[in-house]
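K.L.:
okay, here's the prediction I keep looking at, along with the sequence it came from:
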Amino acid sequence: MNKTFPALLLSLFLLAGCTPQRTDIELVIIETSDIHGNFYSDPEIGNENIPGNLAKACSYIMQQRKKYGDDLLLMDNGDILQGQPITYYYNYVDTTSVHLAADMLNYMGYNVGNVGNHDIETGEKVFDRWSKDCSFPVLGANVIDTLTGQPHFTPYTVLKRNGIKIVVLGMVTPAIPIWVPEDKWQGLRFEDIEEAARKWIPVIRQKENPDIVIGLLHTGANAYTVDRRYRENSAVEMAERVPGFDAVLLGHDHLQLCKKVANANGDSVFVINPGNNGEAVAQIHIKLKLKEGNIISKEITGHIEETKTYPEDKDFQAYFARQRQRVRNYVQTKIGRISKTISTRDAYFGPNAFVSLIHMIQMEVCKADISLASPLSYNTEIRQGDVTMGDIFRFYTFENQLYTIEMYGREIRDELEMSYNLWTNRMLSPDEHLLLLREQPLDGTSERSFFVNYTSNFDSAAGLFYTVDVTRPMGNKVHITGLTNGQPFDLNRIYRVAVNSYRGNGGGEMLIKGGGIPSEELKQRIVFKSPHDFRYYLRKHFQRSKEITPRVLGTWHFEPRKWAEEAAKRDYEYLFGSKE
């Protein structure tokens, strides 16, 4: 046979205005999620002790783009607007430039984004501006405008590659009202993810006739109900119960996951979660076989690609150098001094200066009798000497307002009982852990690698003298002896209690499950809301004081003291290494 004959046929085919149909197609999807403003490795603008970032993920993504070209689809799954000074700057300081979080995703060529709960937390002005600055659709099918009854964000988007139609449906965890002040999301409601999926999948199937359906869900894998109202982390549960998805991309819980599940029809659904901070990306490969233009087989595989070991993309760094310097100038602004170094490390073992400063500011701003607060940074410090705006962000990582709420004495005690039950191990011998730690640590150096529960729920109290007996069970650990102003503590008296807005809205369910306050009552209990976030008052405190000498409000301790002290030394070394 003449070797030029196939080439001649192809030429005639093309001249006739036709292109040969491909019989094998491979599409690649890469997902990032929960970047939380970790764009660079730069201690000047945050990112302290975080091994991954978007610039490192960019190196890998650009490498893959060269390999797969337009067959690579890039998706972000939310929580990009909160977590570091660089995002705060573009959320609230420079409000006229293109939002940096949008600019970066545009630069990298994202095809679709999804809204996360911490994106909603920034407030409507911010998240609307960001989503408009994105050159791709930002999804949120279950974020409903209460006036119109329609989604506030685009519910789904259609992507086409090689004649294949891919539909991506985006949703966010519905538990936002229990974490975020209502003024940040007023006029919106958040539908249950499974309920919304059952509504949208038939619409997508009928209207779009897709070849592939992807769920881009900002929620995690291990489902539970928050406050009897919100089904949280229900992505896998939804994938199993609602037929129609080929793959579901997760986020929100910061836990990597890669597996297949079976849905209600017995079909396989690929579920994957890259974790957080750009330390890894989720990558799935969709291999299709076609015959006469019809799909006859579909194979989906995937893996988690660790990107924290990749170098930061140099072109990415250079392109955003100007914005980076602008934020550096902002965070290097000096606001005061501190006479000695304070750290969150000691906060898990008793009263410490770091949390004491939070308590003092909360009680001052809220004019409160008692303060409840936890260490919101797992492992950070403010070093002796000049204090900058960047230190303020390291000190307090969230944009929480302050609330004064009214609580009965018994509710305060019961909230503390829940806190220390989440926080401490029940020691039955002096050789055991003081803290409630995992038997086998997970990979990594974060709180989630070591602690069974979130350290953001490790509330201690100021304004009270009390002890915590770690040999006793929940309900009998905390013994309150009186108020620090000399008055007796009365279980039946109402006190003014200072908390942050996350706690005051029901976050962690500490006031609901612990304090026993019905969630519908929480709003009625709030007697004061601060007009500014906590960082504002912390900055003002430094500016007013010029130099702060940290002090410890030593109003509580663990018992038995000798057991607790020896166990604390062992647990400190287990978590952070030697103090030497």
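P.N.:
Happy to help now that I have it.

K.L.:
list the buried residues in stretch 445-461.
P.N.:
Across stretch 445-461, burial judged by 16 or more other C-beta atoms under 10 Å covers 445-448, 450-451, 453, 455-461. Heads up, the C-betas are built off the backbone N, CA and C, glycines and all.

K.L.:
of the residues you listed, which belong to helices?
P.N.:
Among the buried residues of stretch 445-461, the ones falling in helices (DSSP state H) are Glu447, Arg448, Phe450.

K.L.:
now pLDDT and distance to Asp431 too, for the residues you listed, in CSV please.
P.N.:
Supplementary listing: these in CSV, determined by pLDDT from 0 to 100; distance: C-beta to C-beta, whole Å:
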residue, pLDDT, distance to Asp431
Glu447, 80, 24
Arg448, 76, 26
Phe450, 91, 19
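
K.L.:
which of those residues lies closest to Ile284?
P.N.:
For those, the minimum distance to Ile284 (C-beta to C-beta) is 24.3 Å, reached by Arg448.

K.L.:
circling back to that earlier point, let me know the closest of the buried residues of stretch 445-461 to Gly302.
P.N.:
Nearest to Gly302 out of the buried residues of stretch 445-461 is Arg448 (C-beta to C-beta; 22.6 Å).

K.L.:
wait, the closest one touches Asp253, no?
P.N.:
No - judged on C-beta atoms under 8 Å, Arg448 makes no contact with Asp253 at a distance of 9.1 Å.

K.L.:
can you tell me the SS state at Val28?
P.N.:
When classified by DSSP: H, G, I helix; E, B strand; the rest coil, Val28 comes out as strand.

K.L.:
give me the distance between His99 and Ser339.
P.N.:
As for His99, its distance to Ser339 is 38 Å (criterion: C-beta to C-beta, to the nearest Å).

K.L.:
check Pro85 too.
P.N.:
According to C-beta to C-beta, Pro85 and Ser339 sit 24 Å apart.

K.L.:
okay, these two: which has more neighbours?
P.N.:
Legend: neighbour count by other C-beta atoms under 10 Å for Pro85 and Ser339, higher for Pro85 (25 against 11).

K.L.:
low-confidence ranges, this protein, go.
P.N.:
1-21, 48, 444, 580 (pLDDT under 70).

K.L.:
list the residues that contact the nearest residue to Arg503 once chain neighbours are set aside.
P.N.:
What sits nearest to Arg503 in space, not counting adjacent residues and going by C-beta to C-beta, 6 or more residues apart in numbering, is Met510, at 6.1 Å. Listed by C-beta atoms under 8 Å, 6 or more residues apart in numbering, the contact set of Met510 reads Leu372, Glu415, Met418, Ser419, Asn457, Asp459, Arg503.

K.L.:
swap the cut-off to 10 Å and go again
P.N.:
Going by C-beta atoms under 10 Å, 6 or more residues apart in numbering, Met510 touches 372, 374, 414-416, 418-419, 422, 456-459, 499, 502-503, 517.

K.L.:
that one: what secondary structure?
P.N.:
Assignment for Met510 (three-state DSSP): helix.

K.L.:
which residues does the residue nearest to Cys134 when sequence neighbours are not counted contact?
P.N.:
Nearest residue to Cys134, sequence neighbours excluded (C-beta to C-beta, 6+ apart): Ala102, at 4.5 Å. The contact partners of Ala102, by C-beta under 10 Å, 6+ apart, come to 80-81, 90, 110, 113, 129-136, 138.

K.L.:
now the phi/psi pair for the closest residue to Leu553 other than its chain neighbours, please.
P.N.:
Counting by C-beta to C-beta, 6+ apart, Leu553 lies nearest to Ser356, which is 4.3 Å off, once chain neighbours are set aside. Note on Ser356: backbone dihedrals following degrees, to the nearest 10 are phi -60, psi -40.

K.L.:
measure the residue lying closest to Gly123 once chain neighbours are set aside to Ile512 for me?
P.N.:
Leaving out its chain neighbours, the residue that sits closest to Gly123 by C-beta to C-beta, 6+ apart is Lys184, at 4.7 Å. Using C-beta to C-beta, we find Lys184 at a distance of 20 Å from Ile512.

K.L.:
and Val387, by the same measure?
P.N.:
36 Å.

K.L.:
also Thr445?
P.N.:
Distance, Thr445 to Ile512, using C-beta to C-beta: 31 Å.

K.L.:
format the CA atom coordinates belonging to stretch 569-580 as CSV.
P.N.:
Only the C-alpha atoms of stretch 569-580 are listed here, as CSV (Å, rounded to 0.1, in the frame of the first residue of the first chain):
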residue,chain,number,x,y,z
LYS,A,569,6.3,19.3,79.9
ARG,A,570,5.9,16.0,78.0
ASP,A,571,3.0,17.3,75.8
TYR,A,572,4.8,20.6,75.0
GLU,A,573,7.7,18.6,73.7
TYR,A,574,5.4,16.3,71.8
LEU,A,575,3.7,19.3,70.0
PHE,A,576,6.6,21.7,69.6
GLY,A,577,9.8,20.0,70.5
SER,A,578,12.2,21.0,73.2
LYS,A,579,12.1,24.5,74.7
GLU,A,580,15.9,24.7,74.6
